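**Q** Build the 3D model from these lines:
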Amino acid sequence: MKYNRFHPCLLLSVAALWGEPSAFELQSGATKKELKTLQSTNKNLENLAIDYSARIQTLEQSIDGMQSVLDGQALRIKSLLDTIGKQETSIQSLQSSLDYQGELVKQHSATIADMQKAIDQLNAKLSDLTTLTTKLNQEILAELRAESSGQSKSSLKSQTDKPSTKQADTGSRAEAFTKLSHKEVFDEARKLYKEKKLLESKKRYEWLVQRNYRPATSLYMLGEIEYQRGKFAEAIGFYKKSASIDDKASYMPILLWHTAWAFRYSKDMDNYNKFLDSLIRLYPESEQGKKAKNLRQNTSKG
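**A** Presented below is the predicted three-dimensional model:
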């Protein structure tokens, strides 16, 4: 500080004045009283200089203290500014993340809307398919009824009416299975069919139909028996009756497949192709549906 260089010079000047008499004193022959007065004045000036020097030192110390405070405040301000800068960076990063999340939400909303639209379209197609399936089932039943009514009444009647001579020959054997429960007779009929004992199996299925025990399945099996025996008109009649009772049965693909072939063996190609087409539409994933599709494709190529 400039005051540190000033006050030592001031003290030296005052001391010089106080320590030595001036040239004026020596030449003028000043009295001792005047000299004493001058010394007193010098003393006062010295004290005043010391006082000013002390004050200057105090001011310097105050200035140094204030400088330290200012330096500390400057460091705090810098720290606060750094913290604010970091917070601004974090806020910007968070805002960017929010913007990105907002875009994702928009994209997901659009995807959900597209999926909902696809679901609605599938539901509409399913409804149309259900309506078509119901209509086709009704058409098949109508076709079966029409074909059955066109067959000879005597031929259809022979499937349920037995000649009296045959009844007399088999009466004793019929009595044996009629003593069993309906389920036991049904199981026995199925076993006999697998063993290729078609006539014995047929008797039991006819007996079950008369007692209305599982009529749809029993009629279907009677159709299968007549189909195996090559009596295709009779087989179609039994298939028709079975489908009219239960057109949702698991054996329906086989029933339609054998009905189609029964028509083919009867030289009725129109109904043969019609039932193949119905089988393809109603049961495309079944074994019979796939076979029918291959047949139709090969026919188209030919």
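**Q** Enumerate every residue touching residue 201.
**A** 189-190, 192-193, 221, 225 (C-beta atoms under 8 Å, 6 or more residues apart in numbering). (Glycine included, C-beta is placed from N, CA and C.)
**Q** That one: which element?
**A** Element membership for residue 201 (DSSP states H and E) is helix 198-210.
**Q** Buried residues of that helix, list them for me.
**A** Of all the residues in helix 198-210, those buried under the rule 16 or more other C-beta atoms under 10 Å are 200-209.
**Q** and the helix or strand that residue 65 is a member of, what other elements does it pack with?
**A** In the assignment (DSSP H and E), residue 65 maps to helix 32-150. Counting contacts by 3 or more C-beta pairs under 8 Å, 6 or more residues apart in numbering; DSSP states H and E, helix 32-150 packs against helix 3-19, helix 23-28, helix 232-245, helix 252-265, helix 269-282.
**Q** Check the burial of residue 227 by counting its neighbours.
**A** Other residues within reach of residue 227, judged by other C-beta atoms under 10 Å, total 22.
**Q** got a list of what the spatially closest residue to residue 229 that is not a sequence neighbour touches?
**A** Spatial nearest neighbour of residue 229, excluding adjacent residues (C-beta to C-beta, 6 or more residues apart in numbering): residue 198 at 6.2 Å. Applying C-beta under 8 Å, 6+ apart, we find residue 198 in contact with 192, 225, 228-229.
**Q** most neighbours, which of the residues you listed?
**A** residue 225 (23 neighbours).
**Q** pretty sure it is in contact with residue 205, am I right?
**A** Yes: applying C-beta atoms under 8 Å as the test, residue 225 and residue 205 come out as touching, 7.3 Å apart.
**Q** Can you pull out the low-pLDDT segments for the protein?
**A** Within the chain, the stretches with pLDDT under 70 are 1-30, 122-175, 301-302.
**Q** tell me the angle of the helix holding residue 201 relative to helix 232-245?
**A** If you take axes from the mean of the first three to the mean of the last three C-alpha atoms, to 10 degrees, helix 198-210 sits at 30 degrees to helix 232-245.
**Q** Helix 198-210: how far from the chain's middle?
**A** From the chain centre to the centre of helix 198-210 is a distance of 54 Å (C-alpha atoms, centre = their mean, to the nearest Å).
**Q** Can you name the element that comes right after that helix?
**A** Using DSSP H and E, the next helix or strand after helix 198-210 towards the C-terminus is helix 215-228.
**Q** Neighbours of residue 240, how many?
**A** So residue 240, with other C-beta under 10 Å, has 23 neighbours.
**Q** returning to what we had before: how far does the helix holding residue 65 sit from its chain's centre?
**A** 33 Å.
**Q** what's the angle between it and helix 232-245?
**A** Going by the same axes, to 10 degrees, helix 32-150 makes 140 degrees with helix 232-245.
**Q** just the angle between helix 32-150 and helix 269-282, please?
**A** Going by the same axes, to 10 degrees, helix 32-150 is angled at 160 degrees with respect to helix 269-282.
**Q** and the two most separated of the contacts of residue 198?
**A** Using C-beta to C-beta, the contacts of residue 198 reach their maximum pairwise distance at 192 and 229, which is 13.9 Å.
**Q** Reformat the contacts of residue 198 as JSON lines; add distance to residue 284.
**A** Shown next, in JSON lines, are the contacts of residue 198 (distance: C-beta to C-beta, whole Å):
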{"residue": "192", "distance to residue 284": "34"}
{"residue": "225", "distance to residue 284": "28"}
{"residue": "228", "distance to residue 284": "27"}
{"residue": "229", "distance to residue 284": "31"}
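**Q** Would you mind giving the domain segments of this protein?
**A** Domain assignment for the chain, taken from automatic domain parsing, gives 3-84, 129-301.
**Q** So which of those domains is the most surrounded?
**A** Greatest average neighbour count among the domains of the chain goes to domain 129-301 (a mean of 16), per mean count of other C-beta atoms under 10 Å.
**Q** next one: that one to chain centre, how far?
**A** Centroid displacement of domain 129-301 relative to its chain, using C-alpha atoms, centre = their mean, is 46 Å.
**Q** how near is residue 197 to residue 256?
**A** Distance from residue 197 to residue 256, counting by C-beta to C-beta, to the nearest Å: 26 Å.
**Q** swap in residue 73?
**A** 97 Å.
**Q** tell me the SS of residue 285?
**A** Assigned with DSSP: H, G, I helix; E, B strand; the rest coil, residue 285 falls in the coil class.
**Q** Can you add distance to residue 93 and give the buried residues of helix 198-210 back as CSV?
**A** Output for those, formatted as CSV (distance: C-beta to C-beta, whole Å):
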residue, distance to residue 93
200, 87
201, 82
202, 85
203, 88
204, 84
205, 81
206, 86
207, 86
208, 80
209, 81
